[in-house]
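>>> How does the following fold in three dimensions:
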Amino acid sequence: MKPERARQPKLSIACEHRRLLSRAGSDQFARIETVVPVPRRAAQTGGSDVVVVWITAPAAEAVILAQRLVEEGLAACVNRFPAVQSTYMWEGKVNTDEEALMMAKTTVAGLPRLTEWISENHSYDVPETIAATIVGGNAAYLAWVADNVKQ
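Predicted coordinates:
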């Protein structure tokens with residue numbers, strides 16, 4: 001019989017996300033605070049200030065948006081998944097369309113600029129930009145992302 005290992009508590013990192021909601025005319029969600037549980041291994045490597053941002057767009061537009069996000073230093077890398085099926089409510093009707101899904105890697109500091117840029121350059125009235133923090137990973141890759149996003 002093996003002795004039980006003592007379980008180590010999870011650590012937490014408090015993250016602050018700012019959303020630009022001026023178009024909606026509301027600052028109700030201008031400051032959203034979340035606590036992200038961080039496994040001990042990620043905490044030992046220092047976590048990161050890298051975020052991944054999901055953006056959907058028509059396939060041809062996604063090619064252009066991805067290229068420009070990287071060229072303008074808003075994202076270090078953008079992966080494109082060329083065909084996802086999106087079902088959503090718009091103007092009181094349920095719609096299903098094929099879109100491309102982009103996964104952009106940027107920094108917490110760069111997120112507001114990326115979000116604003118997408119709002120200004122995307123063909124949709126309300127483009128999707130949702131972000132999640134990265135709690136760990138290849139330290140060299142995370143440093144590369146941070147080094148390749150203009151602050």
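
>>> which residue ranges form the helices in this protein?
40-44, 59-71, 111-121, 139-147 (DSSP state H).

>>> now those in a markdown table, with mean pLDDT and mean neighbour count?
(Glycine included, C-beta is placed from N, CA and C.) Converted to a markdown table, the helices of the chain look like this (pLDDT from 0 to 100; neighbours: other C-beta atoms under 10 Å):
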| stretch | mean pLDDT | mean neighbour count |
| --- | --- | --- |
| helix 40-44 | 39 | 13 |
| helix 59-71 | 98 | 16 |
| helix 111-121 | 97 | 17 |
| helix 139-147 | 95 | 15 |
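
>>> Sketch out the low-pLDDT regions of the chain for me.
Flagging of the chain using pLDDT under 70 yields the residue ranges 1-47.

>>> Now do the strands in it.
Counting by DSSP state E, the segments of the chain that form strands are 11-18, 31-38, 50-57, 77-90, 93-107, 129-133.

>>> winner for burial among those strands?
Per residue and on average, the most neighbours among those fall to strand 50-57, with a mean of 21 (mean count of other C-beta atoms under 10 Å).

>>> Output the contacting helices and strands for that one.
For strand 50-57, the packing partners by 3 or more C-beta pairs under 8 Å, 6 or more residues apart in numbering; DSSP states H and E come out as helix 59-71, strand 93-107, helix 111-121, strand 129-133, helix 139-147.

>>> can you do 7 Å?
Identification of packing neighbours for strand 50-57 by 3 or more C-beta pairs under 7 Å, 6 or more residues apart in numbering; DSSP states H and E yields strand 93-107, helix 111-121, strand 129-133, helix 139-147.
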